[in-house]
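Asker: I would like to see how this sequence folds:
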Amino acid sequence: VQLVESGGDLVQPGGSLRLSCATSGFPFSSYDMSWYRQAPGKERELVAVSTSAGGSTNYADSIKGRFTISRDNAKNTLYLQMNSLKPEDTAVYYCNALRLSWGLRSNYWGQGTQVTVSS
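Answerer: Have a look, this model is predicted:
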């Protein structure tokens, strides 16, 4: 199983970034896929979720209206489009894959990609 995030960078406030999470080794389309972030000295927090069933999405209040999560099941890839970035969005962003099936919990993480928002 591999989850490899990319796209993190240093960007000015108000700028945009697009994160990608390329995956392999598990049935991507049947997993709920999420983006989490962890800022220095803070706990990891859930940013956005893309569910496998029905394709619905959910967002943390702090990024609602600015970030968009999407997935390409044909490419086994998850994305996070981040617009109107703020300094408080600075964090390491992690990709997560989760499935609960017949009492079995499968949970995978990527290694993270750094996003820094600063002038």
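
Asker: which neighbouring elements make contact with the top strand by length along the chain?
Answerer: Here the longest strand in the chain is taken by residue count, with DSSP state E as the criterion, and it is strand 91-101. Other elements packing on strand 91-101 under the criterion 3 or more CB pairs under 8 Å, 6 or more residues apart in numbering; DSSP states H and E are strand 2-6, strand 17-24, strand 32-38, strand 104-109, strand 113-117. All C-beta atoms are positioned from the backbone trio N, CA, C, and that covers glycine.

Asker: got these as CSV, with mean pLDDT, mean neighbour count and distance to residue 91 columns?
Answerer: Rendered in CSV, the data for those read as follows (pLDDT from 0 to 100; neighbours: other CB atoms under 10 Å; distance: least, CB to CB, whole Å):
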stretch, mean pLDDT, mean neighbour count, distance to residue 91
strand 2-6, 98, 17, 12
strand 17-24, 98, 19, 11
strand 32-38, 98, 21, 4
strand 104-109, 94, 12, 15
strand 113-117, 98, 18, 6
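
Asker: now the ones you listed in TSV, with distance to residue 61?
Answerer: As requested, those are exported to TSV (distance: least, CB to CB, whole Å):
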stretch	distance to residue 61
strand 2-6	23
strand 17-24	20
strand 32-38	14
strand 104-109	23
strand 113-117	18
